[in-house]
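In: sequence unknown, structure follows:
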């Protein structure tokens, strides 16, 4: 790994974001450093008490009841607070901004996650994280075709003012970022934001920090580890309104991102590829399962086209009651005011036509239908 230096003349996101590191950041870092306080429990504590500082300041008995006895004991000892101070000192030296769950400046879209990052570290234009972007992800071992499409998609979307979100990995991710630059782009890292991973992407990293934003839930100095990337993918999916998979093998991490996006109610699109290439197995399967199709790299209105509503009044009315977030067939029937036995056949028809897609846990979510999507 190569430790990155702040971009010359721009001390990172802290100077441009307008979100100074405050006592809330110190409290959040202390709280998340306690044993048993993962992202989900952190969220529960902040939602319960209103802020990290309030949660950390409550009485011993109440804190032990809400956070656990081990967390209460470690809070008393004080080492997590000392670690938090050291982390904030490192952030200040590198110009790294901290975005804390429950505080102003924290990306709104991440609140859709059941276990959102407790603290995000960022270098660059943190305001780019406020509005949902478009995620472009795919294989590290991308073909020339895949890299070309990702770059063109990134350029087109950034040219329209949409932030292109990806993971700065080799292959599709890097191509998407390069296409987006010098327009808005956000790199979600599996390392600290001051660590370039992979090292060969150092020039790209510096350009992203200068023109866009690099963000991570891992503290500065943390090296990339294989187990960081699946958790990193949930941030990519949540920050985007649309997720595009350009190339993906059958076991690609990009498919994890697609699955999370579907569970969050995001739109998922895929670029078709040759059926005899491993890098197309995942994307072609997504399309077969109802993902939107990127059919042309030279037409207008990216992500604006979906299939027209069903012609049959009964199907159209049933589809209208299905929300963007995944729901069960029972919930659809309740919203429609009809027995589940009556709507089951209609739901199957809507699924076959691509208007509904089953999630991994068996719920249903709306998808664009079988119309192809076009991107210049």
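Out: Thanks, I have it. What you see is a predicted model; the values in this text were computed from it and never measured. Numbers count the residues shown, from 1 in each chain.

In: which residues touch stretch 190-200?
Out: Contacts made with stretch 190-200 from outside it, assessed by CB atoms under 8 Å, 6 or more residues apart in numbering, are listed as 1-4, 12, 94, 96, 121-123, 167-170, 189, 202, 205, 214-216, 218-225, 228-229, 232. Bear in mind the C-beta positions are built from the backbone N, C-alpha and C, glycine included.

In: Try it again at 6 Å.
Out: 1-2, 4, 94, 96, 121, 123, 202, 205, 214, 216, 218-224, 228-229, 232 (CB atoms under 6 Å, 6 or more residues apart in numbering).

In: low pLDDT regions in the stretch 1-150 of the chain?
Out: 1-22 (pLDDT under 70).

In: any idea which helix or strand comes after the one helix or strand residue 341 maps to?
Out: Using DSSP states H and E, residue 341 sits in helix 340-352. Using DSSP H and E, the helix or strand that follows helix 340-352 in sequence is strand 356-358.

In: Which elements pack onto that following strand?
Out: strand 364-366 (3 or more CB pairs under 6 Å, 6 or more residues apart in numbering; DSSP states H and E).

In: Show me what the strand it packs on is packed up against.
Out: By 3+ CB pairs under 6 Å, 6+ apart, strand 364-366 packs against strand 356-358.

In: Please identify which helix or strand holds residue 54.
Out: helix 52-57.

In: list the helices and strands that helix packs on?
Out: The contact analysis (3+ CB pairs under 6 Å, 6+ apart) places helix 52-57 against helix 23-32, helix 39-49.

In: In the stretch 201-350 of the chain, where is pLDDT below threshold?
Out: Checking the stretch 201-350 of the chain against pLDDT under 70 turns up 296-307, 324-325.

In: Please, where are all the strands along it?
Out: 213-216, 240-245, 267-270, 292-296 (DSSP state E, counting those that start in this stretch).

In: Just tell me which of those ends up closest to residue 30.
Out: Residue 30 lies closest, by CB to CB, to one member of the strands of the stretch 201-350 of the chain: strand 213-216, at 18.9 Å.

In: Pull up the pairing partners for the closest one, direction included.
Out: strand 119-124 (antiparallel), strand 185-188 (parallel) (DSSP bridges).

In: Distance to residue 343 and mean neighbour count added to these, as JSON lines?
Out: Formatted as JSON lines, the strands paired with strand 213-216 follow (distance: least, CB to CB, whole Å; neighbours: other CB atoms under 10 Å):
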{"stretch": "strand 119-124", "distance to residue 343": "41", "mean neighbour count": "28"}
{"stretch": "strand 185-188", "distance to residue 343": "38", "mean neighbour count": "30"}
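
In: Tabulate those (a markdown table), appending distance to residue 49.
Out: Below are these laid out as a markdown table (distance: least, CB to CB, whole Å):
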| stretch | distance to residue 49 |
| --- | --- |
| strand 119-124 | 16 |
| strand 185-188 | 28 |
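
In: Which residues does stretch 170-188 contact?
Out: Contacts for stretch 170-188 (CB under 6 Å, 6+ apart): 128, 136, 138-140, 142, 146-147, 150-151, 154-155, 158, 163-168, 204, 207-208, 211-215, 232, 235-236, 246-247.

In: Please apply the same query to stretch 253-265.
Out: With CB under 6 Å, 6+ apart, stretch 253-265 has contacts from 112, 137-138, 229-230, 233-234, 236-237, 243, 245, 248, 268, 282, 324-326, 359-360, 365.

In: cutoff 7 Å now
Out: Stretch 253-265 is contacted from outside by 112, 135, 137-139, 229-230, 233-234, 236-238, 240, 243, 245, 248, 268, 282, 286, 324-326, 357, 359-360, 365, using CB atoms under 7 Å, 6 or more residues apart in numbering.

In: Stretch 37-53 now?
Out: 23-24, 27-28, 31-32, 55, 58, 66-67, 71, 100-102, 114-118.

In: what's the neighbour count on residue 282?
Out: Residues lying near residue 282 (other CB atoms under 10 Å) number 24.

In: Tell me the buried residues within the contacts of stretch 253-265.
Out: Buried residues within the contacts of stretch 253-265, counting neighbours by 16 or more other CB atoms under 10 Å: 112, 135, 137-139, 229, 233-234, 236-238, 240, 243, 245, 248, 268, 282, 286, 326, 357, 359, 365.

In: for the helix or strand that the helix holding residue 54 is followed by, packing partners?
Out: Note on helix 52-57: by DSSP H and E, the next helix or strand toward the C-terminus is helix 60-67. In terms of contacts (3 or more CB pairs under 7 Å, 6 or more residues apart in numbering; DSSP states H and E), helix 60-67 is packed against helix 39-49, helix 69-77.

In: Make TSV from the ones you listed and add distance to residue 108 and mean neighbour count to it.
Out: Shown next, in TSV, are those (distance: least, CB to CB, whole Å; neighbours: other CB under 10 Å):
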stretch	distance to residue 108	mean neighbour count
helix 39-49	14	18
helix 69-77	28	16
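
In: Quick check: which of those helices is nearest to residue 314?
Out: Nearest to residue 314 among those is helix 39-49 (40.2 Å), distances taken as CB to CB.

In: now that closest one against helix 69-77, angle please.
Out: 70 degrees (axes from the mean of the first three to the mean of the last three CA atoms, to 10 degrees).

In: Next, find the distance separating the spatially most central residue of the chain from residue 144.
Out: Centroid-nearest residue in the chain: residue 236, 2.2 Å away (criterion: CA atoms, centre = their mean). Distance, residue 236 to residue 144, by CB to CB, to the nearest Å: 24 Å.

In: repeat for residue 209
Out: Distance, residue 209 to residue 144, using CB to CB: 27 Å.
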